[in-house]
Every structure is written in structure tokens, then in C-alpha cells.
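[1] build me a model:
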Amino acid sequence: MPIRGLALALCAPFALASAAFAQDAEEDAPPAAFPETEIFLFDYDAAAQDNALWDGRNVTARAGYDNQPYFTKDSATFLYSRDDGTQTDIWEYDLASDTHAQITRTPESEFSPTPSPDNRTIMMVFERNNSIWHIDRNLPDVPQWSLEAAGVTEPVGYFAHNFATGDLLYWSRYGFNVALTHADKPAYHFISGHAVPATPHVIPGSNEISFVHRQTNEQVWIKAFDPKTKAIRPLTPIVGTNANYTWAPDGAILQIEDGKVHRWREGGEGWEVIGDLADHGIESANRIAVSPDGKRIAVVGLPVG
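    Numbers count the residues shown, from 1 in each chain. Below is the predicted model:
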């Protein structure tokens with residue numbers, strides 16, 4: 001979800017206005033509804049020990065909010081949330097043609113687009129009732145409430161859905177906890193409080209789902225939850241303070257902190273730096289996604305300057 005009011009105030013100066021009037025107009029103008037963000041696409045070498053990212057380019061390059069990229073199963077496109085100045089819709093970027101297509105057109109905002117493996121369904125956080133909804137690609141104007149069968153009315157901020165099992169783990173928007181439910185039947189299991197706002201992820205090669213937890217000693221850990229046994233397994237503390245992370249298909253975790261891309265592998269020696277985004281002219285980066293084929297990375301940030 002975006003943090004409202006983080007963008008700089010905008011103004012529309014008039015050609016005949018004096019400099020003083022223009023300054024007053026700028027100070028009085030309301031802030032933009034969404035922060036300014038861009039999505040950069042990189043090639044990625046999972047075997048590289050450093051400088052694992054190359055050929056980066058800004059694939060949105062427009063004024064406004066472009067965020068939360070999520071690759072489709074075939075790695076040919078990614079979905080993302082894009083604003084029009086007042087609200088957001090789901091858009092799709094095609095890597096081969098370098099084109100963008102609008103998917104949803106609703107009066108409410110949509111975030112966290114998540115495509116099904118067969119790419120027929122897209123799940124999302126929908127401001128219609130602050131919950132998880134889904135659309136059929138053939139019927140984008142007919143969204144359906146995904147948690148109606150589960151009976152969960154709690155506002156949702158982020159979620160992960162295992163399409164194979166129906167398990168759905170979500171972060172409570174106001175409760176700061178994580179819970180397990182199901183897409184097709186009544187179900188609810190409280191997992192943990194003190195959960196940090198971050199997107200959970202189905203861990204590649206398993207049915208476990210990861211989430212971020214702030215422990216009582218103030219350490220912030222990425223942990224794995226097993227929906228079958230209800231067991232929680234600690235994996236690694238995050239690097240720094242940015243709780244946004246993602247899983248690569250080979251089982252590595254990638255996270256951005258202080259402008260650098262870090263990678264963690266279970267059984268390894270901890271976090272390692274595999275790329276400096278400043279070398280690619282990117283600043284304020286905090287979100288990352290990896291394509292299912294492991295060959296591309298999408299980074300959310302801003303061009304330097």
C-alpha cells in the first residue's frame with residue numbers, strides 16, 4: 001500500500017502571475033495523492049557474487065506513482081499499481097514490446113496485483129472494502145470479493161495467496177498482525193502480532209509462507225509459516241530497516257537497503273551485497289521483484305536528480 005502524503009506539493013503556475021504569487025500558490029497547493037515512484041527493469045545473474053544486475057532501464061518514466069510490480073508466471077510481463085492523480089488502477093508492462101496496458105478501470109484504488117499461475121485471474125487489495133478482491137482477465141470490470149467465503153472482514157494491507165492450496169496469509173492493515181485464511185471456505189488462524197507492514201510471500205518450492213515479525217527484543221526477522229503444521233520458523237533478520245523483500249526462484253531472498261541490493265541464501269554466510277543501485281542512477285529504492293525464470297529484476301525507486 002502507498003503512504004499517502006509523501007510526495008512533494010505540486011502547483012500549476014500561471015504565466016501572468018508574479019513570482020510571489022506563484023510561490024504562494026505552490027505553498028497552498030495540496031500534496032499529491034501518491035508518492036512519486038518509478039519501476040526499473042534489470043537483467044539478473046543469480047550465479048554472480050557481485051554486480052549481479054545489469055542493463056537497467058526505467059520502464060515507466062512518467063510523473064506519478066508506479067509501484068508493486070509482480071511478474072506473471074511466464075516472466076513475459078509484470079503487473080503493477082499506477083495512479084492517475086486521484087486513484088490507482090492495475091496496469092501491465094510487456095517486456096518484449098516495451099508497452100503498457102491498463103487492466104482495471106474502477107473509481108476505487110487497487111494495489112498489490114497478484115496474477116494466478118495460469119494468468120487468468122488477478123488478485124489485489126481493493127479499496128472498495130479494504131479487502132482482497134479478484135478479477136477474471138476477460139471480465140476486468142466485474143471484481144469479486146475473494147474473502148467472502150472465508151468470512152473475513154478485517155481490513156487487509158498485504159497478502160500472499162497459494163493458488164495451489166487456497167491458503168491465504170494476510171497482514172492486517174490496522175491490527176499489525178498476520179493471519180491465515182482460505183480463498184474458498186470459512187477459515188481463520190491467528191499467526192502472530194507485532195507483524196511489520198510488508199508483503200508476505202509463498203516460499204518457492206514449498207507451501208510455506210514468509211512474513212516479517214518484530215520480536216520483543218526489537219529485532220526484525222523474516223520468518224516462515226507452515227499452513228499445515230502451523231509452525232513458525234525464523235529465517236534471517238532483515239538488513240537495516242526496509243522490510244520489503246522478495247524470493248528468487250532458487251530460494252534466495254533479495255532486499256534493498258541503503259541503495260544496495262542484498263541477497264541471502266539459507267545455509268550461507270548471511271547477507272551479501274550483489275549490486276549498488278547508485279551505479280545505475282537510482283535512489284530511494286525500497287521494493288524489488290524477481291521474475292519466475294530468475295532472469296529479470298524489477299526495482300521501485302527514483303532516478304537520481
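[2] residue 219: how many residues sit nearby?
    Neighbour count of residue 219, defined by other C-beta atoms under 10 Å: 11. C-betas here are computed from N, CA, C, even on glycine.
[3] where do the helices sit along this structure?
    19-28 (DSSP state H).
[4] spatially nearest residue to the residue most central in space within the chain, not counting backbone neighbours?
    For the chain, the residue nearest the mean C-alpha position is residue 68 (3.5 Å; C-alpha atoms, centre = their mean). Nearest non-adjacent residue to residue 68, counting by C-beta to C-beta, 6 or more residues apart in numbering: residue 81, 4.7 Å away.
[5] repeat for residue 151
    Residue 151 sits nearest to residue 186 (C-beta to C-beta, 6+ apart), 5.0 Å away.
[6] again with residue 79
    Using C-beta to C-beta, 6+ apart, the closest residue to residue 79 is residue 113 (3.8 Å).
[7] same question for residue 303.
    Computed as C-beta to C-beta, 6+ apart, the closest residue to residue 303 that is not its neighbour in sequence is residue 281, at 5.8 Å.
[8] so how many other residues sit close to that neighbour?
    14.
[9] so it sits against residue 302, correct?
    No. If you go by C-beta atoms under 8 Å, residue 281 and residue 302 don't touch, sitting 9.7 Å apart.
[10] residue 99 and residue 106, how far apart?
    22 Å (C-beta to C-beta, to the nearest Å).
[11] so for those two, which sits in the more crowded spot?
    Neighbour count, other C-beta under 10 Å: between residue 99 and residue 106, residue 106 has more, with 18 against 10.
[12] now that one: how far from residue 155?
    Taking C-beta to C-beta as the measure, residue 106 falls 18 Å from residue 155.
[13] now do residue 230
    Taken as C-beta to C-beta, the span from residue 230 to residue 155 is 24 Å.
[14] more crowded one of those two?
    Using other C-beta under 10 Å as the criterion, residue 230 and residue 155 rank with residue 155 on top: 15 against 10.
[15] just the CA trace of stretch 59-71, in CSV.
    Provided in CSV are the C-alpha atoms of stretch 59-71 (Å, rounded to 0.1, in the frame of the first residue of the first chain):
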residue,chain,number,x,y,z
VAL,A,59,10.4,1.3,-17.9
THR,A,60,7.7,3.6,-16.6
ALA,A,61,9.4,7.0,-16.8
ARG,A,62,6.4,9.2,-16.2
ALA,A,63,5.2,11.6,-13.5
GLY,A,64,3.2,9.7,-10.8
TYR,A,65,3.0,6.5,-8.8
ASP,A,66,4.2,3.3,-10.4
ASN,A,67,4.7,0.6,-7.8
GLN,A,68,4.3,-3.0,-6.6
PRO,A,69,5.5,-4.9,-9.7
TYR,A,70,4.6,-8.6,-9.8
PHE,A,71,5.8,-10.8,-12.7
